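Kindly generate the corresponding structure for this input.
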Amino acid sequence: MKKIPIGIEDFKMLISDDYFYIDKTKFIEEIMNDGALVKLFTRPRRFGKTLNMSMLKYFFDIRKAEENGKLFDSLYIKKSPVFVEQGKYPVIFISLKGLIGDTLEKLIDSLKIKISKLFAEYRDLIEKLDKFDTALFEKMILREDISEAELSEALLTLTDILCRYYKKQVIVLIDEYDAPLTYAYGHGYYKEAVEFFKTLYSNVLKTNSNLKMGVLTGAIRVAQAGIFSDLNNIETHTILDEAYDEYFGLLENEVENALIEYKVEDKLENVKSWYDGYKFGNMEVYNPWSILKYIKYKKLDAYWINTSGNALIKELLLLSDGTVFEDLDDLVRGQEKIIYVNENIALGNDLDPNRLWELMLFSGYLTVKEKINNESYLIKIPNKEIQSFFKGLFAEIVFKEKSNITSMKAALESKDINTIVRILEKVVLNAMSFYDTNKKLENPYQTLLAGFFYALDAYYEMKPNSETGYGRADIVLIPRNRKWSGYIFELKRAKTQNLEKEASKALEQIEKKKYDTLLINEGIKDIIKIGLVFDGKKAVAYY
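As a prediction, this is how the structure comes out:
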């Protein structure tokens, strides 16, 4: 049985060391038949971008061409007419993932290291170059007094040298082009970073006669300051496009074959509910990182959301208001939302809610259910993995303290009603700034507390507005362990000064309308009913 390639992004290592591989080499054929000089592919992280770029490098690279050609012997591309292009071009492959620095100067220092290593890959050419090129090479490798201007032309310089030496135009592959920009956003120098990288990309990709083809990948298309405004030769392919829709992520038949290979094919429906749900172009797509993790550990879990890359989403949600959280709450409940998309993300503190949804869509936290027209789309949360992520965010962002979740679990388990009410009061105190307490509706409280209880999903299934008995209970908690107590909450906004009396009436409503029917039908024997009345940020319970 082949090894599972978790975290393997080097195509040669994957093939040579006999890892399991789903053949995506038709991507090479599509790339060659595409007339665009520069192509940008935006996909969520961990959907195979780096592996595909590595595959392109080993296919086209003129160095070790015969050796690299053998990597493709049993793959689709071997029989394609475009295989004649294998090993024909010098290739520059650079990934900007991992550039760090809390200032632009430090980020540039980090880039100098990457550029130095890139030039060092061709150090054997130094003896064959003229004295001018040799001086440039040595300066870049040794990182001796490289100015910002020289660094911004480093890729252009390398294409020029390689083209003249090999007498072949150069293929330039830039992986995770947007990684340093989102990193800079998080550290307060986003605009300065955009200006620098705009120059870097334009220098190598615009009016460069040494360029055979440029391919870039990233999670989003950055619009602010017009990072690609100088490039009129770039073709962008986002998750909304039908072109190339099958080459990033796994298709259903590919997942089925993987599950068969590792003898877990009977789990397809469960795997589908957790990791499927994405739509790229016309294709239904699974998250490959989570599929590989599931195959290895045989456990349905939130693997993708626990990798790096959630910081930007969390930070932007912190800048949002109650309207965003109410919409997000609806999405977590399985509802859908219409958003307007222009495919260009402009980051900044004034990011409006619609841009936030757009960012979440392109980053893989939401997916398209249906295209309404050229600008508007019906979106939803794709699967249980992402749903669990957003449930946790309610606790982490809205409710401030994760300790409330732990305390609530213990209080529910021990049937400590006073502690339950005290925690709910604290939750309202911390989080009500996200919601409008002046609404005449009795709930934002229901929306708020439902969001809080979502974070307990591993222990209790939360049912808001569920039909049960002769009406709809505001919140029902069904314990995952049927030996635990079940809970029914009827929530009211205070209408008088006598909160105790109103709480008593709320409890009477639970009894009168037999809201316990749902829990009884679930086999729950111990059922606790709580009438809860809110007056601003104060709560009174009757049980």
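
What residues sit buried inside stretch 494-507?
Neighbour-count burial for stretch 494-507 flags Ala494, Leu499, Glu502, Ala503, Ser504, Lys505, Ala506, Leu507 (criterion: 16 or more other Cβ atoms under 10 Å). All C-beta spots, glycine's among them, are computed from the backbone N, C-alpha and C.

how near is the closest residue to the first one other than its chain neighbours to Thr419?
Spatially, and ignoring its direct neighbours in sequence, Ala494 is nearest to Asp535 (3.8 Å; Cβ to Cβ, 6 or more residues apart in numbering). Using Cβ to Cβ, to the nearest Å, we find Asp535 at a distance of 20 Å from Thr419.

quick one, strands of the stretch 51-200 of the chain?
Ranges of strands within the stretch 51-200 of the chain are 91-95, 170-175, based on DSSP state E, counting those that start in this stretch.

Adjacent strands (with direction) for the last one?
Same thing as strand 170-175. strand 91-95 (parallel), strand 211-218 (parallel) (DSSP bridges).

Could I get the average pLDDT for stretch 3-18?
The average pLDDT within stretch 3-18 is 95.

Restricting to C-alpha, output that stretch in CSV.
C-alpha atoms of stretch 3-18 as CSV (Å, rounded to 0.1, in the frame of the first residue of the first chain):
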residue,chain,number,x,y,z
LYS,A,3,2.4,5.9,1.6
ILE,A,4,0.0,8.8,2.3
PRO,A,5,1.5,12.1,1.1
ILE,A,6,0.5,14.4,4.0
GLY,A,7,2.5,17.6,3.6
ILE,A,8,4.5,16.4,0.6
GLU,A,9,4.6,19.3,-1.9
ASP,A,10,7.6,18.2,-3.9
PHE,A,11,6.4,16.4,-7.0
LYS,A,12,9.7,14.5,-7.5
MET,A,13,9.7,13.2,-3.9
LEU,A,14,6.1,12.2,-4.1
ILE,A,15,6.6,10.1,-7.3
SER,A,16,10.1,8.8,-6.5
ASP,A,17,9.3,7.7,-3.0
ASP,A,18,6.1,5.9,-4.1
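
Quick check: buried residues in it?
For stretch 3-18, a neighbour-count test (16+ other Cβ under 10 Å) marks Ile4, Pro5, Ile8, Glu9, Asp10, Phe11, Leu14, Ile15 as buried.

likewise stretch 54-73?
Ser54, Met55, Leu56, Lys57, Tyr58, Phe59, Phe60, Asp61, Ile62, Asn68, Leu71, Phe72.

and the fourth one, how far is that from Ser95?
Okay, so that is Lys57. 11 Å.

and for the two, which residues touch both?
Residues touching both Lys57 and Ser95 (Cβ atoms under 8 Å, 6 or more residues apart in numbering): there are none.

hang on, the earlier thing: and the residue nearest to Ala494, how many neighbours?
The local packing of Asp535 (other Cβ atoms under 10 Å) involves 16 other residues.

quick revisit: tell me which two in the buried residues of stretch 3-18 are the farthest apart.
Across the buried residues of stretch 3-18, the longest distance by Cβ to Cβ is 16.1 Å; it joins Ile4 and Phe11.

Out of the buried residues of stretch 494-507, flag the one nearest to Leu151.
Closest approach between those and Leu151, by Cβ to Cβ: Ala494, at 64.0 Å.

Distance of the closest one relative to Thr367?
Distance of Ala494 to Thr367, computed by Cβ to Cβ: 41 Å.

go on, Tyr244?
Noted for Tyr244: a distance of 17 Å to Thr367, by Cβ to Cβ.

Next, the contact list for the closest residue in space to Phe20 that isn't next to it in sequence, please.
Closest residue to Phe20 apart from its sequence neighbours, by Cβ to Cβ, 6+ apart: Lys2 at 4.1 Å. Lys2 sits next to Asp18, Tyr19, Phe20, Tyr21, Glu261 when contact means Cβ under 8 Å, 6+ apart.

I'd assumed Phe534 was in contact with Val428.
Yes. Using Cβ atoms under 8 Å, Val428 is in contact with Phe534, at 6.9 Å.

Show me the common contact partners of the two, please.
Residues touching both Val428 and Phe534 by Cβ under 8 Å, 6+ apart: Tyr445.
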